[in-house]
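> Sequence plus predicted model, see below.
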Amino acid sequence: MDGLTNAEQREFQSRMERKQMKEFMGMFSNLVSHCFDSCIDDFTTKSLVQRETGCVSRCVQKFMAGSERIGQRFQEQQAQMMNQPPPGSR
Amino acid sequence: MDGLTNAEQREFQSRMERKQMKEFMGMFSNLVSHCFDSCIDDFTTKSLVQRETGCVSRCVQKFMAGSERIGQRFQEQQAQMMNQPPPGSR
Amino acid sequence: MDGLTNAEQREFQSRMERKQMKEFMGMFSNLVSHCFDSCIDDFTTKSLVQRETGCVSRCVQKFMAGSERIGQRFQEQQAQMMNQPPPGSR
Amino acid sequence: MSMFGLGRPQPSSAEKIAAAEQEMDLITDMFNKLQQACMKKCVPREYREGEINKGEGVCIDRCAAKFFDVQLKVSELLQAEAAAKGAGGGGMGFGGM
Amino acid sequence: MSMFGLGRPQPSSAEKIAAAEQEMDLITDMFNKLQQACMKKCVPREYREGEINKGEGVCIDRCAAKFFDVQLKVSELLQAEAAAKGAGGGGMGFGGM
Amino acid sequence: MSMFGLGRPQPSSAEKIAAAEQEMDLITDMFNKLQQACMKKCVPREYREGEINKGEGVCIDRCAAKFFDVQLKVSELLQAEAAAKGAGGGGMGFGGM
C-alpha cells in the first residue's frame, strides 16, 4: 500500500483488524453450529450429556486440525500462484 | 455510547437502523426460501395450488411462533450472561 | 439519484462498482463450490480425471444457461411489479 | 427515521445513497435465492449435458412464477402480522435486536 | 489495537462505534444460528399446522439450552488452544489471513 | 473504473484500500469454501476421535489440489464465455444488476 499517508495507513490497518475480528467471529459461530448439529440429537434433557460433551470436544479438535492442514495447502498454492502466468495466458 | 457528540450519535443511530433493516430483509428472504423449499414441489402448474398456499401460510406462522419462543430463551440467556463471570475464569 | 453533487454521484458510482465486483466474486466462489461438490468424489488421485473435468465444464455451462433463463424471468417480473399496486392494497 | 432528526426535514444525500444501496442488495439477494431454489428443484446435479433441456426450462419458468407468488404471500402475511401487533416496534421475535 | 497508535491513548469515537456494531453483529449472527439449528432439530418441515405444539415447544427450550452450552464449550476450547499456542497471533489455521 | 473519472488519472488512496480489501475478501471466501468442501468430503461427522487420521489427511491434500484445479477451470470457462460474448457488460445472466 504505497503512497498512503500515515493517517490512511492507520485507517487501513484498523479496517483490516476489524475484518479479521469479523472473520474470527464468523468462524466461531460456524463452528458452534456445525458441532451442535453433528453432536446434539437428544432433547430429553436440557443439559449436555457426557457423550455430547465429548463429541463437541473432538469436533472442535478435529476442525482445528483439519483447518490447519487445509491452511498449509492453501498457502502453498497461493505462493505457487504468485510464480505462475495468469490463467488466461495458457 | 458515552462521549459521542450529537452528530456522532445521529450517525450511530442511523447505522443501527440500516443494520436492522438489512437484518429484517435477510430474515424475509430466508423465510421465502425456506417456505418455498418446504412447500413447493409441483411444477406442472405455474400458479400456487391451494395445498401449497396453505403450507406457506402455516410455514410462516410456525416460523414466527418458533422465532418468538427462541427469542425469549435467547434474551433470558443474554440477561443471565451479564451476571456471570466470563467463561475463562471457571 | 437526483440532488446529488458530482462528487456524490462519483462516490455512489464507485460503491456500486465495488458491489457488483463483490457480487461477481460471490457468484464465482459459489459456482466453484457447487461444481466441485457435484462433480468431484474420487480422492484416489490428486489431479482431476477426465470424467471430472467434463462434469465441471457441463456444470458451469448449465449454471450459466440456467442463470440466464432465471434472469429473464426475474427481469420480467421486476418490470411487471413496477406497474402494479403494492401488495398491501389487494 | 433518525431519532435526533431535528432540523433535518429531508433525507441527506448519504441517506438517499444508503437507501438505494439497500434496495439493490435486496434485489440481488432475492435473485440469488430464486436461482438457488429453482436450480435445486429443476436441474439434477448429474450434469450429463451442458444445456438446459426442454423439461428443465419449463420447470424453471414455473418455478420462478411460484417463487414470486410465495414472495408476495410471505410479504402479505408479515404485513398482516405487523398490523395485528399494532405496527409497534419489532414483534418478529428479534426482541430488542 | 492500532499499530500506529502514537498519540491516541484512548479509542476514538469511530472505534467505539465500530466495536458496538461488531458486538451487535455477533449477537445477531448467534441468534440466527440458534434459530436455524433448533428449528431444524425440533420442527418438522411438513407444516400441517401453524402453531408450535407442546412437544416442539419443549424441544425448542431444551435445544436452546444445549446450544448455549455448546457455545460456551467451544469458546472454552478455543481459549485453551490459544493459551496453549502462547497467545501469539493466529494459530487458527487461518495462516496469515 | 469510475464513470466520471475526469481529472483523476490515478487511483485515489480510498480506491487502493478498497481494492486491497476486496482481494482479501476473495481469498478469505475461497479458503472458507475450500475448507467446507474438503471437510465434508474427507472427514466423517461422527467425531470418534479428535485427530485427523492418515486416510483423512491424504484425502484432504488431494481434495485441496482438486479444488484448486476446479477453481482454475471455472475461471478459464468464465473468461472464455466473457470473451465469446464480446467482453461487453454482464453476460452472466445477472441482467442489469
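That came through, no problem.
> use CA for all of it now, contacts and neighbours both
Noted.
> Do I have it right that A:Ser33 meets E:Lys33?
Yes - using CA atoms under 8 Å, A:Ser33 makes contact with E:Lys33 at a distance of 6.4 Å.
> Geometric centre of chain A: which residue is closest?
Nearest to the mean C-alpha position of chain A, by CA atoms, centre = their mean, lies A:Met27 at 4.7 Å.
> any idea what sits nearest the spatially most central residue of chain D, other than its immediate chain neighbours?
A centroid search over chain D (CA atoms, centre = their mean) returns D:Met30, at 4.4 Å, as the residue closest to the centre. Computed as CA to CA, 6 or more residues apart in numbering or on different chains, the closest residue to D:Met30 that is not its neighbour in sequence is B:Ser29, at 6.4 Å.
> likewise A:Ile40?
Using CA to CA, 6+ apart and skipping residues adjacent in sequence, the residue nearest A:Ile40 is A:Glu52, 6.1 Å away.
> Which parts of chain D are helices?
For chain D, applying DSSP state H gives helices covering D:13-42, D:54-84.
> For A:Asn6, the count of nearby residues, please.
10 (other CA atoms under 10 Å in any protein chain shown).
> for chain D, what are the low-confidence residue spans?
D:1-10, D:87-97 (pLDDT under 70).
> For it, which residues are neighbours of chain C?
D:13, D:16-17, D:21, D:31, D:34-35, D:39, D:45-52, D:57, D:60-61, D:64-65, D:68, D:72, D:75-76, D:79 (CA under 8 Å from any CA of the partner chain).
> out of the residues you listed, which are buried?
Applying 16 or more other CA atoms under 10 Å in any protein chain shown to these, the neighbour count classes D:13, D:16-17, D:31, D:34-35, D:39, D:45, D:47, D:50-52, D:57, D:60-61, D:64-65, D:68, D:75-76 as buried.
> list the contacts for residue 74?
Just going to use chain A. F:31, F:64 (CA atoms under 8 Å, 6 or more residues apart in numbering or on different chains).
> Oops, wrong one, chain D.
Residues counted as contacts of D:Val74 (CA under 8 Å, 6+ apart) are B:31-32, B:56-57, B:60.
> any idea which of these is closest to chain D?
B:Val32 (5.8 Å; CA to the nearest CA).
> Please enumerate the helices of chain A.
Under DSSP H, chain A gives helices at A:6-39, A:50-82.
> which parts of chain D sit against chain F?
Within reach of chain F by CA under 8 Å from any CA, chain D has these residues: D:24, D:28.
> Could you do chain A as well?
A:1, A:3-4, A:8, A:12, A:16, A:38-39, A:55, A:57-62, A:65-67, A:69-71, A:73-74, A:77, A:87-88.
> of those, buried ones?
A:12, A:16, A:38-39, A:55, A:57-62, A:65-67, A:69-71, A:73-74.
> What's the local residue count around A:Val56?
Neighbour tally, A:Val56, other CA under 10 Å: 29.
> Can you show me the CA trace of stretch A:74-81 as CSV?
Listed next in CSV are the C-alpha coordinates belonging to stretch A:74-81 (Å, rounded to 0.1, in the frame of the first residue of the first chain):
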residue,chain,number,x,y,z
PHE,A,74,-3.8,-23.2,0.7
GLN,A,75,-0.7,-21.2,1.5
GLU,A,76,1.5,-23.4,-0.7
GLN,A,77,-0.9,-22.9,-3.5
GLN,A,78,-1.1,-19.1,-3.0
ALA,A,79,2.7,-19.0,-3.1
GLN,A,80,2.8,-21.1,-6.2
MET,A,81,0.2,-19.0,-8.0
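> Report the buried residues of that stretch.
Applying a neighbour-count criterion of 16+ other CA under 10 Å, one finds A:74-75 buried in stretch A:74-81.
> and D:Gln71, what does it touch?
B:Val32.
> That one and chain E, how far apart?
To chain E, D:Gln71 is 18 Å away according to CA to the nearest CA, to the nearest Å.
> Give me the pLDDT for the residue lying closest to A:Leu31 once chain neighbours are set aside.
Residue nearest to A:Leu31 in three dimensions, not counting chain neighbours: A:Val60, with 7.2 Å by CA to CA, 6+ apart. Confidence at A:Val60, expressed as pLDDT, is 97.
> before we move on, what about the one 5 residues further on?
The predicted local confidence for A:Ala65 comes out at a pLDDT of 96.
> F:Ile52 is in contact with that one, correct?
Yes - counting by CA under 8 Å, A:Ala65 does reach F:Ile52; the two are 6.4 Å apart.
> circling back: quickly note the distance from the residue nearest to the centre of chain D to B:Asn30.
Noted for D:Met30: a distance of 9 Å to B:Asn30, by CA to CA, to the nearest Å.
> For chain F, what is the nearest residue in chain D?
Distances between chain D and chain F by CA to the nearest CA are smallest at D:Thr28, namely 7.2 Å.
> Now do the same contact list for A:Phe43.
With contact set as CA under 8 Å, 6+ apart, A:Phe43 has these partners: E:59, E:62-63.
> With neighbour count and distance to A:Lys22 added, can I get those residues in JSON lines?
Formatted as JSON lines, the contacts of A:Phe43 follow (neighbours: other CA atoms under 10 Å in any protein chain shown; distance: CA to CA, whole Å):
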{"residue": "E:Cys59", "neighbour count": "22", "distance to A:Lys22": "31"}
{"residue": "E:Arg62", "neighbour count": "22", "distance to A:Lys22": "29"}
{"residue": "E:Cys63", "neighbour count": "31", "distance to A:Lys22": "26"}
